[in-house]
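In: Using only what follows, build the 3D model:
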Amino acid sequence: MQAEMMMIGTELLLGQVQDTNATFMGQTLAEHGINLYQKTTIGDNPARIKDALDAALRRSEVVLCSGGLGPTEDDITRECVAELLGRPLEYRPELYTAIEQRFALTGRTLTENNRKQAMAPKGAEIIENPNGTAPGILVEDTRALPGRTHPAYVICMPGVPHELHAMLLDWVVPWLRNRFGLSGVLHYRVLKVCGMGESRVDSAIGDLIQAQQNPTIGLLAGPDAVRIRLAAYAESIPAADALIDPLEDTIRKRLPGRIMGYEEDTLESVVDRLLSERGWSLSVVETASGGALAQRMIGIAASSFAGAQVLPIQQDALTVEERAVDLAGDCMLQYKTNCTLVLLEKVVQNATFALWMSPKGTHQWEISHYGQGARRQLRIAMAALEGVRQAILETTEV
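Out: Numbers count the residues shown, from 1 in each chain. Reported below is the predicted structural model:
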């Protein structure tokens, strides 16, 4: 079975609202073994909605729509579906009764335009919405289209995220799996790599990507890590894990010491855990990173983090290495820590000098600069934390 998503709303095209519904729908459908062919975003224009919906119904068995089921004049999804499929809107008194009851429970005043939400295309199946006033709608496309060999359905859900989420999980996904006899799950695991760009990761495992079948491999670059997504289709999550496990082992051997953790892990949380396990405490001196590293540690309430100095960039008679050693000693005394990390700008070289002192010894390395502003500061902070992680684990990369 092939499905499509259609996200309806001019606010999505204008970027006024982040389309979190599409992300949630894509993840949820994939996890339940439902194949998505395409996603379309359409503004509140009836001609364009009908054209896009018609094209989608000619390609796919199911079109899942989000948005346009409210009571206002620009909520036109139900009207467009009715006109396209030749199913005139009809008034459903039981829907209006449910709307009245919901308004009474919440103490709000019912207005005449709410009657619009009690209209549905003729013959449509109504999907209950216990979290809002806009019911969902399921309509079969019975048009005799040239070359059509499959039944087709339109499923319309409200655009309010918590209403859509519940409707999708509680009603739509079970209906799809039952109607099309679907079984199995698409399960995935995400490995996070720090200290390497996407191209270097690809060069290490590119042949595995080219040879992929089931499981599959995908790469996604980000400012804090490169994500390696391993996805497997199987009858159950344990069965999918059994397919993914040997592939993960192979990738770890290709990238020794570089996989920081899994999707839920952050580099700062991993470093905090490594420090806490050893009974070590951390203080930091930052210049070029502008306090970005301290912000990350504070943001997770890191138990190992004692404090930081954020200093202006400056040049003096001391070399950057000599100044870093002096600052490290002062910082450890001030915050009473047994570890410190100093990040000093090397102005001429357009790089940051990193000095790490711990009970196991001293490490130093350079971090090249690229990007601007807050993004560059974040990259410096993450590169420094990755250097600390490797130094603690005594890898050979720092």
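In: mind exporting the longest helix seen in the chain as CSV, just the C-alpha atoms?
Out: Of all segments of type helix in the chain, defined using DSSP state H, the longest is helix 373-393. Extracted in CSV, the C-alpha atoms of helix 373-393 (Å, rounded to 0.1, in the frame of the first residue of the first chain):
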residue,chain,number,x,y,z
GLY,A,373,28.5,33.9,15.0
ALA,A,374,26.6,31.5,17.3
ARG,A,375,27.0,28.6,14.8
ARG,A,376,30.8,28.9,14.9
GLN,A,377,30.8,29.1,18.7
LEU,A,378,28.6,25.9,18.9
ARG,A,379,31.0,24.1,16.5
ILE,A,380,34.0,25.1,18.7
ALA,A,381,32.3,24.0,21.8
MET,A,382,31.2,20.6,20.4
ALA,A,383,34.7,20.0,18.9
ALA,A,384,36.2,20.7,22.3
LEU,A,385,33.8,18.4,24.1
GLU,A,386,34.5,15.6,21.6
GLY,A,387,38.2,16.1,22.3
VAL,A,388,37.6,15.8,26.0
ARG,A,389,35.5,12.6,25.4
GLN,A,390,38.3,11.0,23.4
ALA,A,391,41.0,12.1,26.0
ILE,A,392,39.0,10.6,28.8
LEU,A,393,38.5,7.3,26.9
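In: ranges for the helices of this structure?
Out: Taking DSSP H as the test, the helices found in the chain are 10-13, 20-31, 46-59, 77-85, 93-106, 161-167, 173-179, 198-210, 237-254, 267-277, 292-299, 320-335, 373-393.
In: Export the ones you listed to a markdown table and append columns for distance to His363, mean pLDDT and mean neighbour count.
Out: Using the backbone N, CA and C atoms, a C-beta is placed for each residue, glycine as well. Listed next are those as a markdown table, based on distance: least, C-beta to C-beta, whole Å; pLDDT from 0 to 100; neighbours: other C-beta atoms under 10 Å:
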| stretch | distance to His363 | mean pLDDT | mean neighbour count |
| --- | --- | --- | --- |
| helix 10-13 | 48 | 93 | 16 |
| helix 20-31 | 39 | 91 | 16 |
| helix 46-59 | 56 | 95 | 17 |
| helix 77-85 | 59 | 96 | 22 |
| helix 93-106 | 60 | 86 | 13 |
| helix 161-167 | 46 | 94 | 19 |
| helix 173-179 | 50 | 94 | 15 |
| helix 198-210 | 21 | 92 | 14 |
| helix 237-254 | 23 | 95 | 14 |
| helix 267-277 | 14 | 96 | 19 |
| helix 292-299 | 16 | 96 | 20 |
| helix 320-335 | 12 | 93 | 17 |
| helix 373-393 | 5 | 92 | 21 |
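In: Kindly reformat these as TSV containing distance to Ile127.
Out: Formatted as TSV, these follow (distance: least, C-beta to C-beta, whole Å):
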stretch	distance to Ile127
helix 10-13	22
helix 20-31	15
helix 46-59	18
helix 77-85	12
helix 93-106	11
helix 161-167	6
helix 173-179	9
helix 198-210	39
helix 237-254	27
helix 267-277	40
helix 292-299	40
helix 320-335	58
helix 373-393	43
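In: burial count for Ile137?
Out: Residues lying near Ile137 (other C-beta atoms under 10 Å) number 22.
In: Show me the beta-bridge partners of it.
Out: Under the criterion DSSP bridges, Ile137 forms beta bridges with Ile126, Cys156.
In: Would you enumerate the residues in contact with it?
Out: Applying C-beta atoms under 8 Å, 6 or more residues apart in numbering to Ile137 gives the contacts Leu69, Arg78, Val81, Ala120, Pro121, Ala124, Glu125, Ile126, Ile127, Val154, Ile155, Cys156.
In: now with 6 Å?
Out: Taking C-beta atoms under 6 Å, 6 or more residues apart in numbering as the criterion, Ile137 is in contact with Ala120, Ala124, Cys156.
In: hmm, back to that, out of the helices of the chain, the one nearest Val190 is which?
Out: Nearest to Val190 among those is helix 237-254; the distance by C-beta to C-beta comes to 10.5 Å.
In: ok and the closest one relative to helix 20-31, angle-wise?
Out: Helix 237-254 runs at 100 degrees relative to helix 20-31, counting by axes from the mean of the first three to the mean of the last three C-alpha atoms, to 10 degrees.
In: which other helices and strands contact helix 237-254?
Out: strand 185-193, helix 198-210, strand 226-234 (3 or more C-beta pairs under 6 Å, 6 or more residues apart in numbering; DSSP states H and E).
In: Could you rerun that using 10 Å?
Out: Packing contacts for helix 237-254, counted by 3 or more C-beta pairs under 10 Å, 6 or more residues apart in numbering; DSSP states H and E, involve strand 185-193, helix 198-210, strand 216-221, strand 226-234, strand 259-262.
In: Return the list of strands paired to the first one, each annotated with direction.
Out: Taking DSSP bridges as the criterion, strand 185-193 pairs within the sheet with strand 226-234 (antiparallel), strand 259-262 (antiparallel).
In: could you redo these as TSV and give each row distance to Thr109 and mean neighbour count?
Out: Output for the strands paired with strand 185-193, formatted as TSV (distance: least, C-beta to C-beta, whole Å; neighbours: other C-beta atoms under 10 Å):
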stretch	distance to Thr109	mean neighbour count
strand 226-234	48	20
strand 259-262	49	18
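In: what about stretch 348-367, distance to the chain center?
Out: Relative to its chain's centre, stretch 348-367 lies at 33 Å (C-alpha atoms, centre = their mean, to the nearest Å).
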